[in-house]
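Colleague: the amino acid sequence is not available; the structure is as follows:
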């Protein structure tokens, strides 16, 4: 095991897969000579050269579409969006082309692409740069969406995403890039569609994804220390496919559930989880399912206020105390 | 004095054509024309849903360009895609069945008129969103270059697509990366119901916009196969030998509305205008005349080709009529490759959320 940052873990996944498969290449803005806007691809251009690490113009619809077209002939592009917020100018390519071509061709075409980049608020860059589109992309059958919360998950999920034969959208978090976790030295893969119980507990299940998992873990420690509540924290890791079994089994054990997310509340990932719970374990619940999302407004710039817009441990604790 | 048509006929790519190949081109154009007329008839009989964008009048563009392609060349187009599909060799039965929404359709009844695909014939759709296919073509050309293959990607679009942002992004990318893509604007003069003059800002031509990307371009007429082939071959040679893209604008005309559902099809164009094209610029008439002039076909043989094409279209309809609709369970297949193939990757988690 080594202590790696989330950034280093991603980079190691990318370099291992570039070495492993000659069809894997990186495409994106500033990914090569600039070493990556967030340094995820630092050193890769120097190591692998122009063919495997390709700088594109600022042209998201163009280069995402180009990657999809290249995948038609069997290449496996890993496309970096400097921010997932920038995907909004490429939605036709992502949703209609990456998401629907397999279906509309009656299964004749498959598109082994990865689109990756950060999708988070909390960095005071205003609403246009702070979107969390996991819900609006996961709503499209044909697309897969994963949101790793730790370096370990980031590497294992990224490698699996690159080897997957369908479009996989990987949503990272700039606030986590510099955080460190234990990561195995050898190769490992994490399957898509498998949630991870990040903390075992008995009194309530907190279901989260992305950075909200870490917020929930902090809250769980405080709940145990200060309120004698033993919370289980389930990290979804993958939004679509979704590991409902792990969520449902956990709630069958704890009989209480809170969904925590940095998504906005309307038609969010949490909405889907809440619906799943009431459909499947209604009789097991001792309290209504709680939800804590980002405050329902465009991301505010003002730094102290933006902090309050996203779930923090205190807000998680307050919600848990309402439920338990 | 030598006419222009003669000089195109003398172009190397044309002068080497055999009599059989030339007759074959006429056969192909009749097949496309009859397929469209037949599909219109059954669309009007309520046999198919959605939209039907007919290619009639533009046949020499698809056939002329696609007739030049080889093993590593690829084709991608927009929603007016039947002509290109037949020109690459797709089976009219499976195309007609797709229009009828049948399980035997080229996309198993899942794509419809605008979304024909045949990867085994290097035919990558069939795309419904105006201009949405243009970055994909850049990617196909990118992959050819990445793999070190000598080939090109022909990407067709209408004149209405040239004002979409992704088209310009695609032009910039293929010029910047020197990719063997050939964009072909099939300029039929109308962006749905809006004439070129009311939809596009331009000086002399639409293709001239390529100058802004330091990219080669050409404008020519799309009614004569000799001209289409001679001019397109220059772009193909550029792609093959210089790995440089080209933007072609091929002037053509569609006899029907934007789609059959185009309620104003006869309002924004004068009947005399349509009639003029049908009588003076029809690609089938022009090619037939070449073959008669060259004494390689007789009137009777022309009629026979047309009759065969009609029969083929009728047989395609019969096939479509007799084919079953897809089973209801087919709604949930062909979404994820891993799920369809029941791989290890598809073992975990829920993919579909039907309650």
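Modeller: Thanks, I have the structure now. Quick caveat: nothing in here was measured; it's all calculated off a predicted structure. Numbers count the residues shown, from 1 in each chain, chains lettered A, B, ... in the order given.
Colleague: what residues does the stretch 201-324 of chain A have near chain B?
Modeller: A:238, A:240-244, A:272, A:279 (Cβ under 8 Å from any Cβ of the partner chain). All C-beta spots, glycine's among them, are computed from the backbone N, C-alpha and C.
Colleague: rerun at 6 Å
Modeller: For the stretch 201-324 of chain A, the contact set with chain B under Cβ under 6 Å from any Cβ of the partner chain comprises A:238, A:241-244.
Colleague: residue 265: what secondary structure?
Modeller: Here I'm looking at chain A. Following DSSP: H, G, I helix; E, B strand; the rest coil, residue A:265 is assigned to coil.
Colleague: repeat for residue A:9
Modeller: Applying three-state DSSP: residue A:9 is helix.
Colleague: for it, what are its contacts?
Modeller: Going by Cβ atoms under 6 Å, 6 or more residues apart in numbering or on different chains, residue A:9 touches A:151, A:154-155, A:183.
Colleague: and those, which is closest to chain B?
Modeller: residue A:155 (17.0 Å; Cβ to the nearest Cβ).
Colleague: the closest one touches residue A:15, doesn't it?
Modeller: No. In this structure residue A:155 lies outside contact range of residue A:15 using Cβ atoms under 6 Å: 10.8 Å.
Colleague: so between the two, which is more surrounded?
Modeller: Applying other Cβ atoms under 10 Å in any protein chain shown to residue A:155 and residue A:15 shows that residue A:155 carries more neighbours, namely 28 against 18.
Colleague: could you identify which of the contacts of residue A:9 has the most neighbours?
Modeller: residue A:154 (34 neighbours).
Colleague: next, residue B:138: phi, psi?
Modeller: Main-chain torsions, residue B:138, degrees, to the nearest 10: phi -60, psi -40.
Colleague: hmm, it is touching residue A:66, no?
Modeller: Yes. Counting by Cβ under 6 Å, residue B:138 does reach residue A:66; the two are 4.4 Å apart.
Colleague: so where do the strands sit in the chain?
Modeller: As the question left the chain open, I've gone with chain A. Using DSSP state E, the strands assigned to chain A run over residues A:2-5, A:24-28, A:53-55, A:76-80, A:114-118, A:144-146, A:168-172, A:180-183, A:196-199, A:204-208, A:231-235, A:238-240, A:257-260, A:290-292.
Colleague: not quite, go with chain B.
Modeller: Ranges of strands within chain B are B:74-76, B:153-158, B:181-187, B:190-191, B:194-195, B:216-221, B:246-251, based on DSSP E.
Colleague: can I get the ones you listed in TSV with distance to chain A?
Modeller: Listed next are the strands of chain B as TSV, based on distance: least, Cβ to the nearest Cβ, whole Å:
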stretch	distance to chain A
strand B:74-76	8
strand B:153-158	8
strand B:181-187	9
strand B:190-191	18
strand B:194-195	21
strand B:216-221	19
strand B:246-251	15
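Colleague: save those strands as JSON lines, and put in mean neighbour count, mean pLDDT and distance to residue A:266 too.
Modeller: Listed next are the strands of chain B as JSON lines, based on neighbours: other Cβ atoms under 10 Å in any protein chain shown; pLDDT from 0 to 100; distance: least, Cβ to Cβ, whole Å:
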{"stretch": "strand B:74-76", "mean neighbour count": "27", "mean pLDDT": "98", "distance to residue A:266": "37"}
{"stretch": "strand B:153-158", "mean neighbour count": "29", "mean pLDDT": "98", "distance to residue A:266": "37"}
{"stretch": "strand B:181-187", "mean neighbour count": "28", "mean pLDDT": "98", "distance to residue A:266": "40"}
{"stretch": "strand B:190-191", "mean neighbour count": "21", "mean pLDDT": "90", "distance to residue A:266": "36"}
{"stretch": "strand B:194-195", "mean neighbour count": "13", "mean pLDDT": "90", "distance to residue A:266": "37"}
{"stretch": "strand B:216-221", "mean neighbour count": "18", "mean pLDDT": "98", "distance to residue A:266": "47"}
{"stretch": "strand B:246-251", "mean neighbour count": "25", "mean pLDDT": "98", "distance to residue A:266": "43"}
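Colleague: and those as CSV, adding distance to residue B:168?
Modeller: Output for the strands of chain B, formatted as CSV (distance: least, Cβ to Cβ, whole Å):
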stretch, distance to residue B:168
strand B:74-76, 17
strand B:153-158, 12
strand B:181-187, 11
strand B:190-191, 16
strand B:194-195, 19
strand B:216-221, 14
strand B:246-251, 11
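Colleague: next up, the contacts around residue 166.
Modeller: Assuming you mean chain A. With contacts defined as Cβ under 6 Å, 6+ apart, residue A:166 is in contact with A:144, B:336-338.
Colleague: that's the wrong chain, I wanted chain B
Modeller: When the contact criterion is Cβ under 6 Å, 6+ apart, the partners of residue B:166 are A:61, B:131, B:134-135.
Colleague: who wins for neighbours among those residues?
Modeller: Among the contacts of residue B:166, the one with the most neighbours (other Cβ under 10 Å) is residue B:134, at 33 neighbours.
Colleague: for chain A, see how far away it is.
Modeller: Going from residue B:134 to chain A by Cβ to the nearest Cβ, to the nearest Å gives 7 Å.
Colleague: now do residue B:106
Modeller: 7 Å.
Colleague: now swap in residue B:11 and tell me
Modeller: Per Cβ to the nearest Cβ, residue B:11 is found 30 Å from chain A.
Colleague: surely that residue touches residue B:230?
Modeller: Yes. Using Cβ under 6 Å as the test, residue B:11 is close enough to residue B:230 to be in contact (3.7 Å).
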